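*Asks:* Structure for the following, please:
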Amino acid sequence: VQLQASGGGSVQAGDSLRLSCVASGRTFSDFSTGWFRQAPGKEREMVAAISRNGVTTWYTDSVKGRFTISRDNAANTVYLQMNFLKPEDTAVYYCNADNVFTGSYWGKGTLVTVSS
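*Replies:* This is a model prediction of the structure:
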């Protein structure tokens with residue numbers, strides 16, 4: 001599956017952004033999906049994940065209450081709504097699609113910069 005992420009940008013603390021990741025090449029609903037981020041000098045970390053049918057979600061503690069992951073299987077798209085952004089949210093954000101049988105796939109990242 002090919003993944004194309006978009007929606008990053010430079011914002012002020014407290015602002016919002018919505019990231020989108022469009023998938024192609026395979027049946028999107030066969031994949032659980034997630035958003036990861038990597039800040040300069042740090043390891044890549046999982047930010048949020050969503051099950052194949054969109055019912056189950058997971059968030060890392062630092063974004064709970066601020067970020068919302070969702071997906072539209074008809075549009076082959078997963079979203080990350082990011083509200084009340086903080087400077088520490090600055091990172092390159094990557095979308096991931098995972099299927100236990102076919103493997104794990106990554107899109108190119110989209111840069112989010114939050115200034116104070």
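*Asks:* C-alpha only now, for contacts and for neighbours.
*Replies:* Noted.
*Asks:* Spatially central residue for the protein, please.
*Replies:* Nearest to the mean C-alpha position of the chain, by CA atoms, centre = their mean, lies residue 35 at 2.8 Å.
*Asks:* so what's that one up against?
*Replies:* 46, 47, 48, 49, 80, 93, 94, 95, 96 (CA atoms under 8 Å, 6 or more residues apart in numbering).
*Asks:* Could you list which of those belong to helices?
*Replies:* When DSSP state H defines the helices, the subset of the contacts of residue 35 inside them is empty.
*Asks:* average pLDDT across stretch 54-63?
*Replies:* Taken as a whole, stretch 54-63 has a mean pLDDT of 98.
*Asks:* same thing with stretch 18-38?
*Replies:* The predicted confidence, averaged over stretch 18-38, sits at 95.
*Asks:* May I see the buried residues of that stretch?
*Replies:* 18-23, 28-38 (16 or more other CA atoms under 10 Å).
*Asks:* Distance check, residue 13 against residue 65.
*Replies:* Distance of residue 13 to residue 65, computed by CA to CA, to the nearest Å: 16 Å.
*Asks:* who has more neighbours, those two?
*Replies:* Higher neighbour count among residue 13 and residue 65: residue 13, with 17 against 11, using other CA atoms under 10 Å.
*Asks:* Provide a list of residues in contact with the more buried one.
*Replies:* If you count contacts by CA under 8 Å, 6+ apart, then residue 13 has 84, 85, 86, 87, 114, 115, 116 around it.
*Asks:* how about 10 Å then?
*Replies:* 83, 84, 85, 86, 87, 88, 89, 113, 114, 115, 116 (CA atoms under 10 Å, 6 or more residues apart in numbering).
*Asks:* Great, nothing more from me.
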